[in-house]
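Peer 1: With the input below, show me the fold.
(chains A, B, C and D)
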Number of protein chains: 4
Amino acid sequence: MANSKYEYVKKFEADDKLPPYNWIVVRIDGCHFHRFTADQEFEKPNDQNALDLMNSCAVSMMDQFPDIVFAYGVSDEYSFILKETTQFYQRRSSKILSLFVSYFSALYIFKWKDFFPHKALELPPFFDGRVVCYPKLRIVRDYLTWRQVDCHINNQYNTCFWMLVKSGKSVKEAQELLKGTQTKDKNELLFQQFGINYAKLPAIFRKGSCVYKDKVEETVKLDDTGNPIKRVRMKVTVGHFDIIGPKFWSEHPNILEEES
Amino acid sequence: MANSKYEYVKKFEADDKLPPYNWIVVRIDGCHFHRFTADQEFEKPNDQNALDLMNSCAVSMMDQFPDIVFAYGVSDEYSFILKETTQFYQRRSSKILSLFVSYFSALYIFKWKDFFPHKALELPPFFDGRVVCYPKLRIVRDYLTWRQVDCHINNQYNTCFWMLVKSGKSVKEAQELLKGTQTKDKNELLFQQFGINYAKLPAIFRKGSCVYKDKVEETVKLDDTGNPIKRVRMKVTVGHFDIIGPKFWSEHPNILEEES
Amino acid sequence: MANSKYEYVKKFEADDKLPPYNWIVVRIDGCHFHRFTADQEFEKPNDQNALDLMNSCAVSMMDQFPDIVFAYGVSDEYSFILKETTQFYQRRSSKILSLFVSYFSALYIFKWKDFFPHKALELPPFFDGRVVCYPKLRIVRDYLTWRQVDCHINNQYNTCFWMLVKSGKSVKEAQELLKGTQTKDKNELLFQQFGINYAKLPAIFRKGSCVYKDKVEETVKLDDTGNPIKRVRMKVTVGHFDIIGPKFWSEHPNILEEES
Amino acid sequence: MANSKYEYVKKFEADDKLPPYNWIVVRIDGCHFHRFTADQEFEKPNDQNALDLMNSCAVSMMDQFPDIVFAYGVSDEYSFILKETTQFYQRRSSKILSLFVSYFSALYIFKWKDFFPHKALELPPFFDGRVVCYPKLRIVRDYLTWRQVDCHINNQYNTCFWMLVKSGKSVKEAQELLKGTQTKDKNELLFQQFGINYAKLPAIFRKGSCVYKDKVEETVKLDDTGNPIKRVRMKVTVGHFDIIGPKFWSEHPNILEEES
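Peer 2: Numbers count the residues shown, from 1 in each chain, chains lettered A, B, ... in the order given. Sure, this is the predicted structure:
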């Protein structure tokens, strides 16, 4: 009972290799998280535990898939950047997309109890994802800028919105009050009405999270005279930086390097 | 701080709509499950609980995504078939693939404790996936035949292999003994050496699992005279049938219907 | 001076094989023919010589590329249908498209003088093209219907328009008069004002042109007693039929056959 | 008789827009030119008239399609480079490919008599083509190097081969003699046996042809005192340069400019 007669059906599988020498970005996004975060009673506008869970998943992603050179997360979305020269699964789009979104989803539920020990998951949360190719480094930088600007816009709006709602406004009233307001207006509203200096809010809320490999010096053991023997190794690290300006990138020149 | 200046990066997202009037098959496959099933000490060659977990996930998939008309599972893989006319997410390939593989992975971990109450998950299992288009119903049928023939070939081999190993052969000896054997040889080996009639083994092992919607009659409530008021509704059902021959399909003509 | 160092640039060539078991349609369309036909003073609304030239090119296409099973032409466009099982150039889209559009363009200029012996070509006419896959025969039939309905709509409009212009109306007046008219109105206009019975106009104008292989009986030579020895062979044939209804197709069942 | 019912067949036309910010290369290649050049008795190894015809077609291509910034031709092939930011036909691959290959083929036949006034075309020559995207300028440069190295390798081989054949060797003997020879061996063979200094052969044979826009100063008219009024304009120019080293490119920095 050989199977060869039916193997022709494999010929319908399209070749989906991504073009060479393009940076690969995989963006994962929570599906129906508006409802999920309501059901699970997340803190609004930001739930520190939920963000820590997302970041922990991203760190595990980088450990599992060493071809990821940088990840940037905000709210229920995470972007993973693979180097332009990666040969991970021969750059097959479906393979990369499905592995990334599956492992991230698996991690999120697997780690849930570590971040929400007192809240059982009621329904399994899940994510969608997409793969995008960027032909030049400067466009990858623009991509990251796009996400961090979005983080800022959303977080500032949500901070105002939830302060208004918590202070007694209805959802509709809060939306009305914020319609058409600019950054400056929102900062003033927060300061005047709620005594909040937006710039002093935790960076994780305002800037999102960067995950990358950084050199760390570790004490491996002590030598015979009791002096520490140290070793430098690369460790996956989480930080909350401005990635729009050049500072972070000039301090970490090895993260996104373009071949010349 | 408008974001429009950077939104051009969205133009790099390729249009990945699948061609109209093609049947869509999404196949999900356990990643590194050889090691995962060893770590979690699954029964060999088949772990009933693990198969029940896979099937339970498939049932939930069909409840969540009503565009799935049929699913077929074997071992750590599952194929989901969407009708040729589905407009689910405008037939966007990445969206369908990522949602399916993410939700299936999430379900697998979420439901784990229901099927393995005494075995904690040590590491998060995950899956890869792919999307394939088939232009005609008869090729979808050939696809399913391909998977069920594969189920048969693998299960028969694995049954022999594990019986030999459990009876004291080394892995290498067992592989040597099975090299070049035909279906008939393997049936004889099982019967002569282990008294096993292969055809009597559970159908779930030999045939895999079909998941589909079937009409079921349910008692909704009793009327005033105590007679049951019944209603027919479609319910997601699991069975273990031959799907190579015409019998199952002629008994369930509505599952895979081609437009004419 | 080996070239291997630079051959990596070939890896950027995408795999563009068309999916198996789909009918392939290549449609070729005159580029800037509005101006070209004015420059070359084509008869309006239809130039018999120009249509004969198009048809002659299509016949040569079918001789050159035997995988074409049917072609349909109207005005300055031609559609070529390749069988669903064709393996022509491994079904590579760019190869098929470029060869078809190049050879058709080459033929058009090469044969020009045979159809327009007294009109030199002033500028080289050229064509664009596209490749489309259709998963089922009935959709290929709908494709052909779409083109023939279009032929009818355009030809009826153009016939009215040019009769009005030739009778002294300005372009604008002719357009105004025809705005919003239905098939019936146009037929009446032609009959009332110009004594033209639309249905009696040449079929090539009203129905376009079908090119296909038909059995023809030919006398090969005479035998010793002077009787003709005949042979049946397939010959590329041009006709002007209704291809919307079933008649033509049931009379020529072998042209578009679907595998079962 | 509205056509809308059948217009759904247009939905099968795939979106084939090429990704943004990639350089686009269209390479056109003579189809069956081995036979065509034999039938038309081209000079071997190089036919100056045939190359002039190819170059004349390339010049007309650049006049017709201003988005082409550079073209490189050798033998019966031509590569056309479109700027990374071109929006020509919204970067639709089929449109660009079909127009380019059609117009080039049309030009080739249209111009034939100007370059071969005494040789009628016996059959219409035609071309195939492909479109390739390159994400960075340096890879486009590698692409051009690949083609020019290929020109060198082929031309040197063909020069040796045809000198041997013309001197009385059979095709087989000539092939045997050249098997395994290096560049240096071939140069020596040409010099020793035929007194040919390879480096002194016409550059068009050794280097191929570059087509690009260059500034030229033209006298528009004379002013009142009889002095010429000059104007600088861009004119499509053909040259035979080394495009592997940096010299040509640093002398013409505007041809291939990358956005920063």
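Peer 1: count of residues packed around the nearest residue to A:Y143 once chain neighbours are set aside?
Peer 2: Residue nearest to A:Y143 in three dimensions, not counting chain neighbours: B:V9, with 4.5 Å by CB to CB, 6 or more residues apart in numbering or on different chains. C-beta: built from backbone N, CA, C; applies to glycine. For B:V9, the neighbour count with other CB atoms under 10 Å in any protein chain shown is 20.
Peer 1: so what's B:V9 up against?
Peer 2: Applying CB atoms under 8 Å, 6 or more residues apart in numbering or on different chains to B:V9 gives the contacts A:V132, A:Y134, A:I139, A:D142, A:Y143, A:W146.
Peer 1: A:D214 is in what secondary structure piece?
Peer 2: A:D214 is part of strand A:209-222 when elements are defined by DSSP states H and E.
Peer 1: sorry, back to before: which of the contacts of B:V9 lies closest to C:A203?
Peer 2: Checking these against C:A203 with CB to CB, the nearest one is A:V132 at 52.2 Å.
Peer 1: Spell out whether the helix or strand harbouring the closest one and chain B are in contact.
Peer 2: If you go by DSSP H and E, A:V132 is part of strand A:126-134. Yes. For strand A:126-134, a contact with chain B is found by CB under 8 Å from any CB of the partner chain, at A:F126, A:F127, A:D128, A:G129, A:R130, A:V131, A:V132, A:C133, A:Y134.
Peer 1: Check whether A:T225 sits in a helix, strand or coil.
Peer 2: Of the three states, A:T225 takes coil according to DSSP: H, G, I helix; E, B strand; the rest coil.
Peer 1: closest point of the stretch 151-260 of chain A to chain D, which residue?
Peer 2: With CB to the nearest CB as the measure, A:S260 is the residue of the stretch 151-260 of chain A nearest to chain D, at 7.3 Å.
Peer 1: Spit out the contact partners of that residue.
Peer 2: D:R138.
Peer 1: do the same with A:I196
Peer 2: If a contact means CB under 8 Å, 6+ apart, then A:I196 has A:T159, A:M163, A:L190 as its contacts.
Peer 1: Let me know the helix or strand that the first one is in.
Peer 2: When secondary structure is defined by DSSP H and E, A:T159 falls within helix A:137-166.
Peer 1: Between strand A:209-222 and that helix, find me the angle.
Peer 2: Counting by axes from the mean of the first three to the mean of the last three CA atoms, to 10 degrees, helix A:137-166 points 100 degrees away from the direction of strand A:209-222.
Peer 1: and helix A:137-166, average pLDDT?
Peer 2: The average pLDDT within helix A:137-166 is 97.
Peer 1: list the buried ones in that helix?
Peer 2: In terms of neighbour count (16 or more other CB atoms under 10 Å in any protein chain shown), helix A:137-166 has its buried residues at A:137, A:139-152, A:155-161, A:163-165.
Peer 1: what does stretch A:39-51 give?
Peer 2: Buried residues in stretch A:39-51, counting neighbours by 16+ other CB under 10 Å, are found at A:Q40, A:F42, A:P45, A:N46, A:D47, A:A50, A:L51.
Peer 1: Could you look up the SS state of the residue nearest the centre of chain A?
Peer 2: Centroid-nearest residue in chain A: A:G73, 2.0 Å away (criterion: CA atoms, centre = their mean). Three-state assignment for A:G73 (three-state DSSP): strand.
Peer 1: could you point out where the stretch 151-260 of chain A is predicted with low confidence?
Peer 2: Within the stretch 151-260 of chain A, no range satisfies pLDDT under 70.
Peer 1: in it, what residue is nearest chain C?
Peer 2: For the stretch 151-260 of chain A, CB to the nearest CB, closest residue to chain C: A:E259, 12.1 Å.
Peer 1: Check the stretch 51-200 of chain A too.
Peer 2: Closest point on the stretch 51-200 of chain A to chain C, by CB to the nearest CB, is A:R91, at 10.2 Å.
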